[in-house]
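Asker: below: sequence and its predicted model.
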There are 2 protein chains.
Amino acid sequence: MPRWKPDAVERLQAAALELFDEQGFERTTVAEIVQRAGLTQRTFFNHFADKREVLFGLSAELQQEIIGEIAGGDDTLPPLDAVVRALEVVADKMLENRRAVVTRRYAVIAANPELQERELSKNAALTEAIAAVLHARCGDPETAFLAAGAAMLAQQAAFRKWTRPGETRTLRDLLPDALHSLRTTVNQNSVDPNQNSVDPNQNSVDPNQNSVDPPLPT
Amino acid sequence: MPRWKPDAVERLQAAALELFDEQGFERTTVAEIVQRAGLTQRTFFNHFADKREVLFGLSAELQQEIIGEIAGGDDTLPPLDAVVRALEVVADKMLENRRAVVTRRYAVIAANPELQERELSKNAALTEAIAAVLHARCGDPETAFLAAGAAMLAQQAAFRKWTRPGETRTLRDLLPDALHSLRTTVNQNSVDPNQNSVDPNQNSVDPNQNSVDPPLPT
DNA sequence: GTCTATATGCGGATAGAC
DNA sequence: GTCTATCCGCATATAGAC
């Protein structure tokens, strides 16, 4: 029989999210959080560097999974596809079953500038990490940078829809949709066709890869 | 005859950039800055909300110019082109003649995490503002969001090159280059061509618009 | 507890605009 | 003469280092 109840980190995260949701981030003290979780402040700051970090435990796990998925994924895919593929896999594995919690967490962050700053930093770090693994795998630095940024852009567009009240589609299904929208938007082009000599299918189709869901007509 | 020397804000900004460059952001106090500028601490905090803000005066001006340029620009351009066009104009008007200062400022920011956070916030705010003006002008919210994000991505790629030691090309010339790289990267596509039914030239060429410099062969 | 640095509140002075 | 913009002085809250 354990000396303490298990899952201290999880209990702290859950208690914090509840309280931030109920009364706002600023008006919630660490004392309240640890009280609800049945722990002490010392324990809180043992696990989290500051009050904000309690909301970002998932980010580190996600980053690790995403990077691993890219590194272990299909080497022949073009960079942007490789990243989006990894994002889809990780979305299924770690996000879809926590939709309610993740949505509430996102609402809390959106309501507080300090938390938004932290979120921006985490996203920037993730983008950097993706660019680094892409760079190590194949391409030149600029392609890695652009592919990572473009993938994160699509991810954010999909995520925004996924966390909307009426939305029922999975994040995995929303991602290819967002990617398609991104391609459409980026390819709207007013310049000389000669300059825009980009073959949209310069890479061959890989018949072995899983089929990509076509964007929904809506 | 004025009671004080004019341009207090500019003097503070210049003094701060010099000192941050010489000894780093953390090791520089507000007291040192105001001493070099011949002012007092109270005046410093009258003009800047905190120590970091002294480095970001240009951001607000840039944002205003960029938004104005988009709003006053060619309505018929597709959103991404409209934004990049505006970025080119503003790059010429406000950045090219301060290349040395802007480069030093960027190096200072890159050397300090706190400043990077602030920079991320400013960029996010600018992206939001661009998306808002695009949304107001024409497109749906998602297209506006994606076009704004894609434009900022190209801008960042171009800016990174522009601030590199040996680089001699202008930011205006680097921007179309970066945009082309972004289009190339985004269009590397492994999926079924039927899904990727994106016509790279669905918009007609506007013969009246200024010619776009072709990417340099290097 | 002291010291340093950041940041804020409130009042006051004066030059120039009206 | 009043008003406003700009800057200064003083006191103080807060936070971290030592």
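Answerer: Arrived safely.
Asker: for the rest of this, base every contact and every neighbour count on C-alpha atoms.
Answerer: Noted.
Asker: contacting residues for the closest residue to A:M152 other than its chain neighbours?
Answerer: Of all residues beyond its chain neighbours, the one nearest A:M152 is A:T127 (6.9 Å), with distances taken as Cα to Cα, 6 or more residues apart in numbering or on different chains. By Cα atoms under 8 Å, 6 or more residues apart in numbering or on different chains, the contact list for A:T127 reads A:148-149, A:152.
Asker: CA-only coordinates of the strand or helix carrying A:E18 in PDB, if you can.
Answerer: For A:E18, the host element (DSSP states H and E) is helix A:8-23. Only the C-alpha atoms of helix A:8-23 are listed here, as PDB (Å, rounded to 0.1, in the frame of the first residue of the first chain):
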ATOM      1  CA  ALA A   8       0.500  13.600  -7.800                       C
ATOM      2  CA  VAL A   9       1.300  15.400 -11.000                       C
ATOM      3  CA  GLU A  10      -2.000  14.400 -12.700                       C
ATOM      4  CA  ARG A  11      -4.000  15.500  -9.600                       C
ATOM      5  CA  LEU A  12      -2.200  18.800  -9.600                       C
ATOM      6  CA  GLN A  13      -2.900  19.400 -13.300                       C
ATOM      7  CA  ALA A  14      -6.500  18.400 -12.900                       C
ATOM      8  CA  ALA A  15      -7.100  20.600  -9.900                       C
ATOM      9  CA  ALA A  16      -5.300  23.500 -11.500                       C
ATOM     10  CA  LEU A  17      -7.300  23.300 -14.700                       C
ATOM     11  CA  GLU A  18     -10.600  23.100 -12.800                       C
ATOM     12  CA  LEU A  19      -9.700  26.200 -10.700                       C
ATOM     13  CA  PHE A  20      -8.400  28.200 -13.600                       C
ATOM     14  CA  ASP A  21     -11.600  27.400 -15.500                       C
ATOM     15  CA  GLU A  22     -13.800  28.300 -12.500                       C
ATOM     16  CA  GLN A  23     -12.200  31.500 -11.300                       C
END
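Asker: follow-up on the earlier one: in the helix or strand where the residue nearest to A:M152 lies, what counts as buried?
Answerer: Assigned by DSSP H and E, A:T127 belongs to helix A:113-137. Buried residues in helix A:113-137, counted by 16 or more other Cα atoms under 10 Å in any protein chain shown: A:115-124, A:126-135.
Asker: sorry, back to before: list just the nearest of the contacts of A:T127 to chain B.
Answerer: Using Cα to the nearest Cα, A:G149 comes nearest to chain B of the contacts of A:T127, at 6.7 Å.
Asker: so the residue of chain A found nearest DNA strand D, which of the three states?
Answerer: Across chain A, no residue is closer to DNA strand D than A:D50, which sits at 8.9 Å (Cα to the nearest atom of the strand). Under DSSP: H, G, I helix; E, B strand; the rest coil, the three-state class of A:D50 is coil.
Asker: for burial, what's the neighbour tally of it?
Answerer: Neighbouring residues of A:D50 were enumerated by other Cα atoms under 10 Å in any protein chain shown; the total is 11.
Asker: contact partners for it?
Answerer: If a contact means Cα under 8 Å, 6+ apart, then A:D50 has no contacts.
Asker: how near is it to DNA strand C?
Answerer: 17 Å (Cα to the nearest atom of the strand, to the nearest Å).
Asker: for chain A, give me the ranges with low pLDDT.
Answerer: A:1-6, A:191-218 (pLDDT under 70).
Asker: so which residues of it form strands?
Answerer: Using DSSP state E, chain A contains no strands.
Asker: in it, what residue is nearest DNA strand C?
Answerer: For chain A, Cα to the nearest atom of the strand, closest residue to DNA strand C: A:E114, 13.5 Å.
Asker: next, work out how far apart that residue and A:I130 are.
Answerer: 25 Å (Cα to Cα, to the nearest Å).
Asker: re earlier: what are the contacting residues of the helix holding A:E18?
Answerer: A:25, A:27-28, A:33-34, A:36-37, A:39, A:44, A:47, A:54-55, A:104-105, A:108.
Asker: same check, this time on stretch A:63-80
Answerer: Stretch A:63-80 is contacted by residues A:82-83, A:86-87, A:89-90, A:126, A:129-130, A:133-134, A:137, A:144, A:147-148, A:150-151, A:203, B:185-186, B:188-190 when judged by Cα under 8 Å, 6+ apart.
Asker: and if you look at stretch A:140-160?
Answerer: With contacts defined as Cα under 8 Å, 6+ apart, stretch A:140-160 is touched by A:79-80, A:83-84, A:87, A:127-128, A:130-132, A:134-135, A:171, A:174-175, A:177-179, A:182, B:142, B:145-146, B:149-150, B:153-154, B:157, B:181-182, B:185-186.
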